[in-house]
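> Fold the stuff below for me.
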Amino acid sequence: MKESLIIDYLIGSQDYSRQVLPFLKEEYFVSIAGKTYFNIINDHYLKYKTLANIKILEIELDNLTTLNENQYKECESFLQELNNNDTEFNVPWAIDNTEKYCQDRAVYLAIMDSIKIINNENKDFDKNAIPKILEDALAIKFSNNIGHNFLEDSEDRFNSYLTCEEKIEFDLEMLNLITEGGFERKSINVFMGSTGTGKTLLMCHMAAAAFLRGYNVLYITMEMAEVKIAKRIESNLLNIPLSDLSNTTRKTYSDKMDKLKSKSVGKLIIKEYPTTGANALHFKHLLEDLKIKKGFTPDIIFIDYINICSSSRLKPHHSSNPYIYIKSIAEELRGLAVETNTCIISATQTNRAGSRNSDVEMDNTSDSWGLPQTVDFMAALITNDDLASLQQMLVKQLKNRYADNDKNKRFVLGIDKAYMRLYDCDQSAQENVMENDTPVMDNTSFAMDDTKDKFSKKKTGSRKKFNNGKSLEEFVNDV
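Below is the predicted model:
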């Protein structure tokens, strides 16, 4: 598509201009004349909401003071190529060919930008950003969707209400309750806690439970070695205490693994990256390799944990501003979840104030307030000596796009560290937590006494059932 033909349609066809102008950019035009007339037409359309014509182009050209003599002559000559509305316009054909023209130019410009990044002429982007730049260029497409008509689209809208959105259920009833059936695909969900509260234990348990339910699970670890994560999940699935795995006989181990393989389970892949050594693009390439080499496409991706990922868009020097850097990581991972139709589950640390707080708030998020702004679900994991003595952790909802996070805002989960498992507690264990919204106070001496009195009334609770009436422990007990 010639630039003169694009300009010709922009001044001659209202339908063409309305659909094409939002997608055109000055840099898509190669010639000075094309850039000049596009800017004149675009500015005129934005200001007067009408098309410019040949006369307006001539007048605005004369008013420009930024062109030298040669450039002015080029623009004058360019006008002679225009159609002057003498022939009929073929708008659908012109739109299709303009779209292809914009795609070709966008790819060319993306390649040139990539070369600048490779040559360190663009200091703002890392080389890892190149695939994303090219991907965005290839994705350019003129959209015909002009919005949702509230009245005319009401029937389709109501049908969507009747269609149950696919949820990824877990074996923890309270987690399913507060999310109205589980986490959704194309979402990113984060659990926050201080060191030692059980973030990795929670993710290993959830990974094991999802695997048993037939989901394909990818566990990305950037803190522990692959074998250490596998050992924790194995303790859960094989019903062998974590401390006893190294003392288990080879025959016992092989028999249990054979029984596990015979069950109707999903697939579980564990992949280790060095701390801050991988980003969303690395994860995307991993998914492509797994699909090609192993025929594996995950339903759920666990990332342990989000703060020690790197950004694919920003260079490491941007990490001096953690708000921007961590928010960028969260946005990239959310984009990965949407693009791959997966559910991403990760964790983050509390800041120093949060580590001393027994009623963690969203502003206790470490590094970046941008993280809770981006995620779909966020909950705090809270523990203290009294909860630990009861083998429990307190979970507090901080953000929930699935349901009202003021309902069941706090609840406790049982912990079985020997088998790296969590379980739902009886309702009696929830009474002092869920009946009202009175916060568990900070760790003052008065508050600790008050907290101790509350939790001493709780019961550890029996393990709730799932999967045809079996607890997770019972389910794996025959392995």
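> burial measure for residue 104, as a count.
Residue 104: 14 surrounding residues under other Cβ atoms under 10 Å. For the C-beta atoms, the positions are set from N, CA and C on the backbone; glycine is no exception.
> Please identify the helix or strand for it.
Using DSSP states H and E, residue 104 maps to helix 91-118.
> model confidence over that helix, on average?
Helix 91-118 shows an average pLDDT of 91 in the prediction.
> Which strand in the chain has the most residues?
Longest strand in the chain, counting residues (DSSP state E): strand 392-400.
> List the buried residues for that strand?
392-400 (16 or more other Cβ atoms under 10 Å).
> Looking at those, which two lie furthest apart in space?
392 and 399 (22.8 Å; Cβ to Cβ).
> coming back round to it: now the helix or strand just after the longest strand of the chain, how far from the chain's geometric center?
Counting by DSSP H and E, the element after strand 392-400 in chain order, helix or strand, is strand 410-416. Centroid separation for strand 410-416 versus its chain: 27 Å, with Cα atoms, centre = their mean, to the nearest Å.
> burial measure for residue 337, as a count.
Applying other Cβ under 10 Å, I find that residue 337 has 22 neighbouring residues.
> State the helix or strand in which it lies.
Taking DSSP H and E as the criterion, residue 337 maps to helix 322-340.
> Please export the alpha-carbon coordinates of the longest strand of the chain; PDB is fine.
Written as PDB, here are the backbone C-alpha positions of strand 392-400 (Å, rounded to 0.1, in the frame of the first residue of the first chain):
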ATOM      1  CA  GLN A 392      -2.200 -23.700  63.000                       C
ATOM      2  CA  MET A 393      -1.600 -20.700  60.800                       C
ATOM      3  CA  LEU A 394      -3.900 -17.700  60.500                       C
ATOM      4  CA  VAL A 395      -5.000 -16.700  57.000                       C
ATOM      5  CA  LYS A 396      -6.200 -13.100  56.400                       C
ATOM      6  CA  GLN A 397      -7.700 -12.000  53.100                       C
ATOM      7  CA  LEU A 398      -6.200  -8.700  51.800                       C
ATOM      8  CA  LYS A 399      -7.500  -8.600  48.300                       C
ATOM      9  CA  ASN A 400     -10.100 -10.800  46.500                       C
END
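> same for it, what does it pack against?
helix 173-178, strand 377-382, strand 410-416 (3 or more Cβ pairs under 8 Å, 6 or more residues apart in numbering; DSSP states H and E).
> Sort out which residues of the second one are buried, please.
Applying a neighbour-count criterion of 16+ other Cβ under 10 Å, one finds 377-382 buried in strand 377-382.
> Out of the residues you listed, flag the one nearest to residue 66.
Comparing the buried residues of strand 377-382 against residue 66 with Cβ to Cβ places residue 378 closest, at 50.7 Å.
> now that closest one: how far from residue 298?
22 Å (Cβ to Cβ, to the nearest Å).
> before we move on, the earlier item: for the helix holding residue 104, buried residues please.
Buried residues in helix 91-118, counting neighbours by 16+ other Cβ under 10 Å, are found at 91, 94-95, 97-99, 101-103, 105-106, 110, 113-114, 117.
> Equivalent analysis for stretch 208-221, please.
For stretch 208-221, by 16+ other Cβ under 10 Å, it's 208-213, 215-221.
> May I ask which two of those residues are separated the most?
The most distant members of the buried residues of stretch 208-221, if one measures by Cβ to Cβ, are 213 and 221, lying 21.4 Å apart.
> Thanks again, I'm all set now.
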